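[1] Fold the following.
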Amino acid sequence: MANKEMEVEKNVDLKRYMGRWYEIASFPSSFQPKNGTNTRATYTLNKDGTVHVLNETWSDGKRGFIEGSAYKADPKSDEAKLKILSRRNHIDEKIYNQMVEKAKEQGYDVSKLKKTMQTDPPPETDAAPADTKGIWWIKSIFGK
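    Now for the predicted structure:
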């Protein structure tokens, strides 16, 4: 997808990245619902240094989610590869366009980049996830 190797961030302060992040745009993937909205990720630092990840999206008014753990591929390295996300569910159009231009400069084909629809206010849920196997995304592939 990119013409050159992805740059990595050095000396990442994991605690700073914990909490909720909203997807502003993404390249469509087969494991996300095609009509997904309000896509977001919530990161929580575990005692063992790994990160609990909760990815959520809404499709046809229903919440879908998958949980997992993230960890450094090389525990001795101070590098990390991060997605571009936002603490707010909307960003200024000028800033968005600047980010897209930067991606182009890095060699990414942004023609397939799709903005994620986010409602204001975003949906909230206090319910604990019931399905931790990620069946929702399998169903979304088949349109169910």
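
[2] tell me the SS of Val100?
    Of the three states, Val100 takes helix under DSSP: H, G, I helix; E, B strand; the rest coil.

[3] Secondary structure element holding Arg63?
    Using DSSP states H and E, Arg63 sits in strand 62-70.

[4] List the strands paired with that strand, with their directions.
    The strands beside strand 62-70 in its sheet (DSSP bridges) come out as strand 51-59 (antiparallel).

[5] Please save the CA atoms from the strand it pairs with in PDB.
    This file holds the C-alpha atoms of strand 51-59, laid out as PDB (Å, rounded to 0.1, in the frame of the first residue of the first chain):
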ATOM      1  CA  VAL A  51      -3.300  -3.500  26.700                       C
ATOM      2  CA  HIS A  52      -6.900  -4.600  26.800                       C
ATOM      3  CA  VAL A  53      -8.600  -3.600  23.500                       C
ATOM      4  CA  LEU A  54     -12.300  -3.100  23.000                       C
ATOM      5  CA  ASN A  55     -13.300  -2.300  19.400                       C
ATOM      6  CA  GLU A  56     -16.900  -1.300  18.800                       C
ATOM      7  CA  THR A  57     -19.000  -0.400  15.800                       C
ATOM      8  CA  TRP A  58     -22.700   0.100  15.200                       C
ATOM      9  CA  SER A  59     -24.400  -1.500  12.200                       C
END
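
[6] Show me which residues of it are buried.
    For strand 51-59, a neighbour-count test (16 or more other C-beta atoms under 10 Å) marks Val51, Leu54, Asn55, Glu56, Thr57, Trp58, Ser59 as buried. (Each C-beta comes from the backbone N, C-alpha and C, glycine too.)

[7] what's the spacing between Gly36 and Gly49?
    Separation of Gly36 from Gly49 (C-beta to C-beta, to the nearest Å): 30 Å.
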